[in-house]
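Novice: could you work out the structure for the sequence below:
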Amino acid sequence: MEYRKFDNTYIVRMDPGEEILAQVKELALAEHIRLASVQALGAVNDFTVGVFKTDEKKYYSNAFQGSYEIVSLTGTINTMDGAFYCHLHMSAGDDQGRVVGGHLNRAVVSATCEMVVTVLPGTVDRAFSPEVGLNLFRF
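Specialist: As a prediction, this is how the structure comes out:
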């Protein structure tokens, strides 16, 4: 991964073999990013995305391998109990134009991942909501 900072924005390039969530964490910790918006595109060949079933309060994950283009990757960097926390969703399309997506659990870059991280002033922590079953923004 390489990146450059412009004011409150980081332009990031991830390289083949790098895992996206690990690289986001590395960037956030190295640059002391506590609240940010994330968007990206690129290509992956091994990824896992999940769907949260609200009635069961449980995630179901689906793994995919092959040639996929990131159609959209979006989310936030923030904190939970003061420590790094990241919440990203990703949609990716195959060579037939079929798109799959959901909550990003893991994604390995196959060609590149071009990411824009926009740092926001302040912090927003998360806390577990027993009613919903998820870690929600705590204001």
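
Novice: longest strand anywhere in this structure?
Specialist: Under DSSP state E, the strand in the chain containing the largest number of residues is strand 58-80.

Novice: number of nearby residues for the closest residue to residue 14 other than its chain neighbours?
Specialist: Distances taken as Cβ to Cβ, 6 or more residues apart in numbering put residue 113 closest to residue 14, at 3.9 Å, once the chain neighbours are dropped. For every residue, glycine as well, the C-beta is placed using N, CA and C. Using other Cβ atoms under 10 Å, residue 113 is surrounded by 25 other residues.

Novice: what's the distance between residue 107 and residue 23?
Specialist: 10 Å (Cβ to Cβ, to the nearest Å).

Novice: of these two, who's got more company?
Specialist: Neighbour count, other Cβ under 10 Å: between residue 107 and residue 23, residue 107 has more, with 29 against 20.

Novice: relative orientation of the helix or strand hosting the more buried one and strand 58-80 in degrees?
Specialist: Secondary structure from DSSP states H and E places residue 107 in strand 99-119. Relative orientation of strand 99-119 versus strand 58-80 (axes from the mean of the first three to the mean of the last three Cα atoms, to 10 degrees): 10 degrees.

Novice: tell me which strands and helices strand 99-119 is in contact with?
Specialist: When contacts are defined as 3 or more Cβ pairs under 8 Å, 6 or more residues apart in numbering; DSSP states H and E, strand 99-119 packs onto strand 9-14, helix 20-31, strand 36-53, strand 58-80, strand 83-93.

Novice: residues near the residue nearest to residue 4 when sequence neighbours are not counted, how many?
Specialist: For residue 4, ignoring the flanking residues on the chain, the nearest one in space by Cβ to Cβ, 6+ apart is residue 11 at 5.4 Å. Residue 11: 13 surrounding residues under other Cβ under 10 Å.

Novice: just list whatever residues bridge to residue 11.
Specialist: residue 4, residue 116 (DSSP bridges).

Novice: that one and residue 1 touch, don't they?
Specialist: No - between residue 11 and residue 1 there is no contact under Cβ atoms under 8 Å: 11.4 Å.

Novice: what's across from the residue positioned nearest the centre of the chain in the sheet?
Specialist: Residue closest to the mean C-alpha point of the chain, counted by Cα atoms, centre = their mean, is residue 88 at 3.1 Å. The bridge-partner assignment for residue 88, based on DSSP bridges, gives residue 75.
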